[in-house]
Structure formats: structure tokens, C-alpha cells
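> structure for the following, please:
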Amino acid sequence: MNRFFTIVSHAFLIVLVSEMVFAVFLLIGDFYRVVMSITTNFQPLGYQIADRNYYWVDFAFIMFCLTVILFAFGITRGKYAYRVINHTLYFDDLPKSFDGFTLTQISDIHAGSFTKPKLVQKGIDLINAQKSDLFVFTGDLVNNMASEIVPYIDHFSQIKAPFGQFSVLGNHDYGDYIKWPSETDKVKNLDQLKAYHKELGFKLLLDEHVVLEKNGEKIILAGIENWGVGFGERGDLNKALQNTSINDFKILLSHDPSHWDAQVKNNPSKIQLSLAGHTHGMQFGIEAFGIKWSPVKYRYKHWAGIKSENNRYLNVNRGFGFLGFSGRIGIWPEITVIELKRKDSL
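Numbering: from 1, shown residues only. The predicted model follows:
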């Protein structure tokens, strides 16, 4: 039943959007003819729809077909079209031993949406190919139920990094979006999900931090439970930073980027780099020819990539998986690789 509903709903979406594109280009053609009629007496203002310039009709139909093709690609291949995005970030206060340190970040796996294990494996292989010093996952392992990750434990447990693999929870991991037989069942599901993080080889950070050491120097890696405006404010940043120094170099894993604006970017204890996900870039948008747009921008100030403010950085990963719409168009699944550098190494 779920598969049938997915097929029908996606077919309806494709036809609806394609028809809208077709109509928009017809309207553009109509507007063009009206303007021409006013400026050159090209056509009386009272022309009939049947008198439309067929070049515009043909062009509108071509755009209709391209929209159908684009959606078909996004649904069949785009959602597994993993991209590696590299960033090099410079800091005044990065410990010298960590100059050149690399980390790989993914977010929003949403294992319950996957249907192609072989294509997921290609993403895993691409992660390991980066050979980063550290691996981090910033939440939403599943859509709702812990059992969704079980078929993919053997895949994601392949991810290894010299300084370890660390994770946090996202809003979907708490099981808030389905009805449970009892609150006890919901709690058991979350406990099982936490156990699966361990089985994957991920150290789950629950309002806590770890110290990463190299040549006698250290950086702090902290992680909090989900904190997001409108999506549950569970995380306790102060608890996660307990027993750290204001001057320590800190990296924070926090699923929702709204947390950065609310508590992180102006926090008295400087957090040099925050890593988030959550938005998926809405799995639809344009990032080409200098254009960066997605409908999700009307909900989140910063929805993808690097943001810098107050000498602090935020990276929002576009997500590894997908949810709701079973595809991606223009906003491809992302594997982020960040290299930390000292400014004096420039």
C-alpha cells in the first residue's frame, strides 16, 4: 500500500509541476504578444488563444518534457548521486598539531527511505575514499523507527577514521512523527536506536564532549541532542561544554542549523566550527551558474554550505538520504570534507 501510494503521489506531483511549467511559458508567450501588439501593432489586443505563436507552444511543451525528465532522473538516480564537497577553513587559534586535520561529515541518512543497497554502498565507498582523520554524522539516522537502519548496519559500519566516528541525534530519531502503542514503546525504540549507533561504530554524543589529542595538543568535539526551533529543544549546550575552557578549540555537532543562530554564534565560550544538517536543501533547488536557491531558504536563513559570522563557522550538510519526496533535483546528496588550517600557514 505504501509503495502504491508513493508511486501515485509522485506521478501526480510530476504531472502537476510539469503542467505548471507548461502554463507559465504559455503565459510568458501571451504577455510577449500583448506587448508586441501595443508597441508594433503586431496583433490586435483581442486575439484569441488559438492565435498563439506556435513557437511559444512548442517551447512550452519542450519545457514540460524537460521537467518530466528532470523529475524522473531525480527519483531514479538523483537521490543516490552522491557529491563530495570540499572546504578549507582557516583559524587563528587552531592548535598547530591539527593544521591540515580533515573531517568528513554526512547528515540525514533516513535509512527507512532507501531501496537500493548497492547504490548506498557507492556512497559509503566514497566516504571511505576521502581518508579523513575524523568522521561525524549529524543526525536523523532513521525516519521514525530504529529497525529501519538494520538492513544497512553492515554498510555504514564500514566507515572508519583514525580519530573515530561520532554522531548525534536528529529530530526524526526520537520517533515523534508516528503513533506508538505506549510511551514505553517509544522509549524502547530510542534506546534501541542508540544501541544501533554503537553497533555502527559511532560514538553517540548526548550533550557531552570528547577530547581529540595529537602531539600533546587537543581540540574539543562536542555533540548535543536535537535542538531546533519548532523541532524540539532537547539539547543542553552548557552541559556538553562542561569542563571545557573558553579558549579551547571546539567543534560542535548539532543537527538543526537554527541552533547556531539561537545559542552558538554568540556563545561566550567560542565554538569555532559547528556542523549541522536537517534541511536537506529541501531536495529541490538550483545551485549552478552562481545561483543558489531552494524553497527551504524561506524557512532557514542558512540552509546549505558554509556560513561565517563572528569569527565562527557553520556548515550545513545537504543530507545523505532523502525523505518525503523520494528523489533529489538540483540539491544532490552530500559528503562534506573539511580541512582545518591555521591562518599563519597561508
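> number of residues surrounding F59?
Counted with other CB atoms under 10 Å, the neighbours of F59 add up to 16. To be clear about C-beta, it is placed using only N, CA and C from the backbone, and glycine gets the same treatment.
> should've said V337
Other residues within reach of V337 by the criterion other CB under 10 Å amount to 17.
> next one: K122
When neighbours are counted by other CB under 10 Å, K122 registers 13.
> how would you label it: helix, strand or coil?
Secondary structure, DSSP: H, G, I helix; E, B strand; the rest coil: K122 is helix.
> contacting residues around it?
By CB atoms under 8 Å, 6 or more residues apart in numbering, the contact set of K122 is Y80, Y82.
> got it, and the one 10 residues further on?
Contacts were defined as CB under 8 Å, 6+ apart; by that measure S132 touches T102, L103, T104, A161, V337.
> apply 10 Å and report the result again.
By CB atoms under 10 Å, 6 or more residues apart in numbering, the residues touching S132 are 101-105, 161-163, 335-339.
> and H172, by the same measure?
Counting by CB under 10 Å, 6+ apart, H172 touches 108-110, 112, 139-145, 148, 226, 231, 255, 278, 323.
> separation between it and A146?
H172 is 11 Å from A146, where distance means CB to CB, to the nearest Å.
> likewise for I246?
Distance of I246 to A146, given as CB to CB: 38 Å.
> quick check: PyMOL command selecting the buried ones in the contacts of H172.
PyMOL command restricting the contacts of H172 to the buried ones, with burial defined by 16 or more other CB atoms under 10 Å:
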select buried, resi 108+109+110+112+139+140+141+142+143+144+145+148+226+231+255+278
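> ok, which stretches of the stretch 151-300 of the chain are strands?
Here the stretch 151-300 of the chain has its strands, by DSSP state E, counting those that start in this stretch, at 165-167, 203-204, 208-214, 217-223, 250-253, 273-276, 286-288, 291-293.
> err, the stretch 1-150 of the chain, not the other one
When assigned using DSSP E, counting those that start in this stretch, the strands of the stretch 1-150 of the chain occupy the ranges 83-91, 101-106, 134-137.
> what sits against the residue nearest to the spatial centre of the chain?
Closest residue to the average C-alpha location of the chain: R318 at 2.4 Å, with CA atoms, centre = their mean. Applying CB under 10 Å, 6+ apart, we find R318 in contact with 83, 85, 106-108, 277, 279-283, 285, 287, 294, 303-305, 328, 331-336.
> what about it, helix or strand, and which?
If you go by DSSP states H and E, R318 is not part of any helix or strand.
> quick check: beta-bridge partners of the closest residue to it other than its chain neighbours?
Sequence neighbours aside, E334 is the residue nearest to R318 in space, at 4.0 Å (criterion: CB to CB, 6 or more residues apart in numbering). Beta bridges link E334 to R83 when assigned by DSSP bridges.
> can you list the domains in this protein?
2-76, 82-345 (automatic domain parsing).
> worst mean pLDDT among these?
Ranked by mean pLDDT, these bottom out at domain 2-76, with a mean of 64.
> give me the nearest residue to Y196, chain neighbours excluded.
I149 (5.2 Å).
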